[in-house]
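Q: Starting from these lines, generate the structure:
(one chain, ligands or ions: 1)
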Amino acid sequence: MKTTKRIAVLLAAFIAGASILCAQGMNEQRETIYASASDASPKYVFMFIGDGMSAPQTNAAQVFEGTNVSGKVAIEPLTFTQFPVVGLQYTQDSTSFCPDSASTATSLSSGFKTHSGVIGMGVDKVTAGETIAEKVKEQLGWKVGIISTVTINHATPAAYYAHIANRNDYYDIGLQMAESGFDFFGGGSVNKADDGDKSIYQVLEDNGYLVTNDYDTILSLNGKSGKVYAYSPVLQDDGAMPYAIDATEGQLSLADFVKKGIEVLDNDSGFFMMVESGKIDWAGHANDAVANIHDTLAFDEAIEVALQFANQHPGETLIVVTGDHETGGMTIGYAATGYDTAFDILRAQKCSYVAFDEMVSAEKAAGTLTFDRLMEMVEENFGLTAPGTENEVPALVLNDYEYARLQKAFEDDMAGNTEGYEESLLYGGYNAISVTLTHIINNKAGIGWTSYAHTGLPVPVYAYGEGAELFVGAYDNTEVAHKLFDLCNVD
Ligand SMILES: [Zn+2]
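A: Residues are numbered from 1 along each chain as shown. Presented below is the predicted three-dimensional model:
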């Protein structure tokens, strides 16, 4: 063997040996960290899922609340981003690296992979699994609560009680919910509740649930209320709670539902509560950063309620906060703004794209929608004004390119020209006017979007309390469920 070749072989052997040693070192350190959590046994477990929420979404909220002044640039941390333990989970499912909520929530709740669109069943779409919520209820006698800003038979909440091959079978999912025996459902209504022989609400009542969407009744719920389905008196978007930015005074927030859920569930055996903020995802699909940010902030307020409970029950409470996948390919940074951001201008946006769609539709229906009328509505709701106009916030004056984009969107919307390839890239199937406006104001602020769908970005996991150490490191999303099984001592 030639000397050079011999050196190469020795070097390769050395590198292989070193990497084995490194892997051993990593495994040892991981085991040490895990061992410190092995005796943990929380009896109150909160699982918070920001649908479509990864690092860009949480940091956009932190930048929005922070300072953008040169020399003083700083984020304002959210409550959950300050949790002492942070991990990272990979979200691909058995169909795609850009997975959906049905499969990813199944992985988070039940610890196995499945296809996009499948809830609580394996890749064969036949074998049903068992969720952390079902396990703690059956094996430990804990109470269970499921809360979401969207409908409770939507994919993510459903992944905690349903086993079904198709996430769109809303009525059948609703039936499984009503038969789950879970103790508290709160937030959004039931989607397609009347699509079968009997209303899902009636089935719930037949099974002993108090079903209410009355504001005062909901605020008076407590540990003596029995099993409850409480949904928001005000609904938007197919029965979901309204976007936080569209909420009016006296409306129930996600934090209110978490507070009431805790009061209904609190008992000496323990409880498991899953809380989803589902419209972070919907605002991500629609590329509306302002709606996205406000729902992330409302989600954080709901987590703060759980944190208060945890601090009253130290050593017994675990809070895990994560997302199921990222939505929209959101980025802080945009081609036209380079290294600059101006999140303060986002405050000029007064409503979600959904609320603005409704205003546009109303004007159209009345036959009063002209481009001039639209520009009045745009100034009122987005602060944006035509090129060359005076504006209190100069950054909100549209340049010629942006103005032309808006004119094209108006013309395309009026002519119904939204189906072509270019239009599918420009509008993603959303209202051409609203999505163009959110793109313009987002881009001006320094926010970019690459998709109207989910992306393959890994998702952070934040943990606080009893057993939190177990969530450190980078791992598959199925591990989240297995860590909970271990901590709760269920199998
Ligand atoms: Zn989605």
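Q: Could you pull out the strands in the stretch 101-250 of the chain for me?
A: Using DSSP state E, counting those that start in this stretch, the strands found in the stretch 101-250 of the chain span residues 143-148, 184-187, 210-212, 228-231.
Q: Out of those strands, which gets nearest to Asp412?
A: Closest approach to Asp412 among the strands of the stretch 101-250 of the chain (Cβ to Cβ): strand 143-148, 34.0 Å. For every residue, glycine as well, the C-beta is placed using N, CA and C.
Q: Grab the CA positions of that closest one and hand them over as PDB.
A: The C-alpha trace of strand 143-148 is given here as PDB (Å, rounded to 0.1, in the frame of the first residue of the first chain):
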ATOM      1  CA  LYS A 143     -60.500  14.500  32.700                       C
ATOM      2  CA  VAL A 144     -59.900  15.700  29.100                       C
ATOM      3  CA  GLY A 145     -60.500  19.100  27.500                       C
ATOM      4  CA  ILE A 146     -60.300  20.000  23.800                       C
ATOM      5  CA  ILE A 147     -60.300  23.700  22.800                       C
ATOM      6  CA  SER A 148     -59.800  25.300  19.400                       C
END
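Q: Would you mind pulling up the elements that that strand packs against?
A: Applying 3 or more Cβ pairs under 8 Å, 6 or more residues apart in numbering; DSSP states H and E, one finds that strand 143-148 contacts helix 132-140, helix 155-158, strand 184-187, helix 254-265, strand 271-277.
Q: can you redo these as JSON lines with mean neighbour count, mean pLDDT and distance to Gly120?
A: Below are those laid out as JSON lines (neighbours: other Cβ atoms under 10 Å; pLDDT from 0 to 100; distance: least, Cβ to Cβ, whole Å):
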{"stretch": "helix 132-140", "mean neighbour count": "20", "mean pLDDT": "98", "distance to Gly120": "9"}
{"stretch": "helix 155-158", "mean neighbour count": "30", "mean pLDDT": "98", "distance to Gly120": "8"}
{"stretch": "strand 184-187", "mean neighbour count": "28", "mean pLDDT": "98", "distance to Gly120": "17"}
{"stretch": "helix 254-265", "mean neighbour count": "23", "mean pLDDT": "98", "distance to Gly120": "22"}
{"stretch": "strand 271-277", "mean neighbour count": "28", "mean pLDDT": "98", "distance to Gly120": "13"}
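Q: Let's have these in CSV, adding distance to Ile200.
A: As requested, the helices and strands packed on strand 143-148 are arranged in CSV below (distance: least, Cβ to Cβ, whole Å):
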stretch, distance to Ile200
helix 132-140, 19
helix 155-158, 12
strand 184-187, 11
helix 254-265, 19
strand 271-277, 18
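Q: Out of those, which gets nearest to Gly456?
A: Of the helices and strands packed on strand 143-148, nearest to Gly456 by Cβ to Cβ is helix 155-158, at 18.1 Å.
Q: What's the local residue count around Ser424?
A: 12 (other Cβ atoms under 10 Å).
Q: Counting by contacts, list what the helix or strand encompassing it packs against.
A: Per DSSP states H and E, Ser424 falls inside helix 421-427. Using 3+ Cβ pairs under 8 Å, 6+ apart as the contact test, the elements touching helix 421-427 are helix 400-415, helix 432-445.
Q: strand partners of the helix or strand following the shortest one, parallel vs antiparallel please.
A: Remark: after helix 432-445, the chain's next helix or strand is strand 447-448, criterion DSSP H and E. Paired strands of strand 447-448, with direction, are strand 331-332 (antiparallel) (DSSP bridges).
Q: could you give the angle of the helix or strand just after the partner strand to helix 400-415?
A: As assigned by DSSP H and E, the chain's next helix or strand after strand 331-332 is helix 353-365. Here helix 353-365 points in a direction 60 degrees away from that of helix 400-415 (axes from the mean of the first three to the mean of the last three Cα atoms, to 10 degrees).
Q: i'd like the first residue to be 26 from this point on
A: Renumbered: residue one is now 26, and that last one reads helix 378-390.
Q: Can I get helix 378-390 in PDB? Just the C-alpha atoms.
A: Extracted C-alpha coordinates of helix 378-390, given in PDB (Å, rounded to 0.1, in the frame of the first residue of the first chain):
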ATOM      1  CA  TYR A 378     -58.500  39.700   5.100                       C
ATOM      2  CA  VAL A 379     -61.800  37.900   5.900                       C
ATOM      3  CA  ALA A 380     -63.400  41.000   7.400                       C
ATOM      4  CA  PHE A 381     -62.100  43.100   4.400                       C
ATOM      5  CA  ASP A 382     -63.500  40.500   2.000                       C
ATOM      6  CA  GLU A 383     -66.900  40.900   3.600                       C
ATOM      7  CA  MET A 384     -66.700  44.700   3.100                       C
ATOM      8  CA  VAL A 385     -65.700  44.300  -0.500                       C
ATOM      9  CA  SER A 386     -68.500  41.800  -1.100                       C
ATOM     10  CA  ALA A 387     -71.100  44.100   0.400                       C
ATOM     11  CA  GLU A 388     -70.000  47.000  -1.900                       C
ATOM     12  CA  LYS A 389     -70.100  44.700  -4.900                       C
ATOM     13  CA  ALA A 390     -73.500  43.500  -4.000                       C
END
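Q: mind listing what's buried in that helix?
A: 378-385 (16 or more other Cβ atoms under 10 Å).
Q: Please work out which of the helices and strands packed on helix 446-452 is packed deepest.
A: Looking across these with neighbours counted as mean count of other Cβ atoms under 10 Å, the highest average goes to helix 457-470: a mean of 24.
Q: any idea how far the helix holding Ser449 is from the chain center?
A: Centroid displacement of helix 446-452 relative to its chain, using Cα atoms, centre = their mean, to the nearest Å, is 25 Å.
Q: and if you look at stretch 331-342?
A: 23 Å.
Q: Just the mean pLDDT for it, thanks.
A: Model confidence over stretch 331-342, given as mean pLDDT, is 97.
Q: And stretch 56-64, by the same measure?
A: 80.
Q: Then stretch 376-395?
A: In the prediction, stretch 376-395 has an average pLDDT of 97.
Q: Other residues contacting it?
A: 261-262, 268, 270-271, 308, 311, 313, 315-316, 398-399, 402, 406, 438-439, 455-456, 458-460, 462-463 (Cβ atoms under 8 Å, 6 or more residues apart in numbering).
Q: Show me what counts as buried in whichever strand or helix holds Leu332.
A: Element membership for Leu332, per DSSP H and E: helix 314-337. For helix 314-337, a neighbour-count test (16+ other Cβ under 10 Å) marks 314-328, 330-332, 334-335 as buried.
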